[in-house]
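> can't give you the sequence, but here's the structure:
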């Protein structure tokens, strides 16, 4: 194949399905993968609708998409653990492997990271991608391509729970239960959290959170939410808050609602800066942690889904062929009622 179809972003609100050059044969340690399913992420929509996320700016045409799974069609000469026909999920970030962050296990912080659909690196909304074999994880026969694509956002939830120290006996509050917030909820359940609460501005998302096992759910604009949370957490507030919206009011609320001595992890990405009550952090002796993507999560995510401890299938609510990718982006942007995760499917 010398050319292939791909979803290429040319500028703000200018996403086109067009023919582009296909990747060459894989390098010695790489595999060539025919993409079958790609989940749409809020970051994809940001690039499409805004043209940038923080310092990452779309200046040249770029293929979007990074939540992906597909079929190996060719392997490099040094690859031993995969072969043509294997079904794989792709960890979409390729670190340098040599810097201090890579060699100490925090490769998600690598300054030379090449991450799918982060300018100027092309993503996975294409028929073929070449990728390192050790970042291409074989799927169990029981797992679908859709579940494989969901490993990427689930990895965010798993890593957030690790950063927060979620374990049996802990109470967890999740601010913002969109797709990532709901996956944080499922990851917190799997980690043994005793109580899990959800806050959002949308009633349908709160309903979904309860259906997935949340202990309780509250409207973000409910003036009594602070007292309500204290009432169900021995008068203290939750041990851990995972802030998944990135919205400034929710970020501020995260330090207000967590108990003294508790932990807050900021999962969602919002504006670069805004006014913030830093004094509260000191007075309450809080641990406040940032989070950037994930590290060493794919095997855990595969095991959790394959074992049945986490079921991501209910989160995939809409499916589109590649030719309708703009409609998929628009649905993800508007978040119409009942929308959780839209995926784009590519034919075999």
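Ah, there it is. Given the structure is predicted, the values throughout are model-derived calculations rather than measurements. Numbering: from 1, shown residues only.

> Relative to residue 189, how far out is residue 311?
10 Å (C-beta to C-beta, to the nearest Å). All C-beta spots, glycine's among them, are computed from the backbone N, C-alpha and C.

> And the two? Which one has more around it.
Comparing residue 311 with residue 189 by other C-beta atoms under 10 Å, the one with more neighbours is residue 189, at 19 against 12.

> and residue 17, that's in a helix?
No: counting by DSSP: H, G, I helix; E, B strand; the rest coil, one finds residue 17 to be strand, located in no helix.

> That one touches residue 10, doesn't it?
No: in this structure residue 17 lies outside contact range of residue 10 using C-beta atoms under 8 Å: 11.6 Å.

> Which one's more surrounded, those two?
Taking neighbours as other C-beta under 10 Å, residue 17 and residue 10 compare with residue 17 leading, 16 against 13.

> now the more buried one, which residues is it bridged with?
When bridges are called by DSSP bridges, residue 17 pairs up with residue 7.

> which residues of the chain score low on pLDDT?
Applying pLDDT under 70 to the chain flags the ranges 1.

> Was I right to think residue 208 contacts residue 177?
Yes: using C-beta under 8 Å, residue 208 is in contact with residue 177, at 7.0 Å.

> Neighbour count for those two, which is higher?
A side-by-side neighbour count of residue 208 and residue 177, using other C-beta under 10 Å, places residue 177 first with 27 against 24.

> Could you double-check that that one lies in contact with residue 185?
Yes: when contacts are counted by C-beta under 8 Å, residue 177 is listed as touching residue 185 (6.7 Å).

> can you list residues touching both of these two?
With contacts defined as C-beta atoms under 8 Å, 6 or more residues apart in numbering, the residues adjacent to both residue 177 and residue 185 are 198, 209, 214.

> In strands, which of these fall?
Applying DSSP state E to the shared contacts of residue 177 and residue 185, the entries found in strands are residue 198.

> what's the closest residue to residue 321 other than its chain neighbours in contact with, if anything?
Spatially, and ignoring its direct neighbours in sequence, residue 321 is nearest to residue 345 (6.1 Å; C-beta to C-beta, 6 or more residues apart in numbering). Counting by C-beta under 8 Å, 6+ apart, residue 345 touches 36-37, 319-322.

> and if we set it to 7 Å?
Neighbouring residues of residue 345 by C-beta atoms under 7 Å, 6 or more residues apart in numbering: 36-37, 319, 321.

> tell me the SS of residue 327?
helix.

> Just give me the neighbour total for it.
Neighbours of residue 327 under the rule other C-beta under 10 Å: 13.

> With residue 115 instead?
Applying other C-beta under 10 Å, we find 19 residues neighbouring residue 115.

> could you list every residue that touches it?
With contacts defined as C-beta under 7 Å, 6+ apart, the neighbours of residue 115 are 66, 92-93, 121.

> The most centrally placed residue in the chain: which element?
The residue lying closest to the centre of the chain (C-alpha atoms, centre = their mean) is residue 153, at 2.7 Å. Element membership for residue 153 (DSSP states H and E) is helix 151-164.

> neighbouring contacts of that helix?
39, 41, 66-67, 89, 92, 179-180, 183-184, 186-188, 191, 240, 242, 263, 265, 267, 289, 291, 293-295, 297-298, 300-302, 310, 312.

> Strands along the stretch 151-300 of the chain, start to end?
171-175, 195-200, 216-219, 240-243, 263-266, 287-290 (DSSP state E, counting those that start in this stretch).

> The second one pairs with which strands, and in what direction?
Using DSSP bridges, the strands paired with strand 195-200 are strand 171-175 (parallel), strand 216-219 (parallel).

> Check the offset of it from the chain's centre.
Centre-to-centre, strand 195-200 and its host chain are 19 Å apart (C-alpha atoms, centre = their mean, to the nearest Å).

> And for stretch 115-131?
16 Å.

> Could you give me the buried positions within it?
115-119, 121-131 (16 or more other C-beta atoms under 10 Å).

> that older thread, from the contacts of residue 345, which land in helices?
The helices, defined by DSSP state H, take in nothing from those.

> Only whichever of these are buried, select them in ChimeraX.
To isolate the buried members of the contacts of residue 345 in ChimeraX, using 16+ other C-beta under 10 Å:
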select :36,37
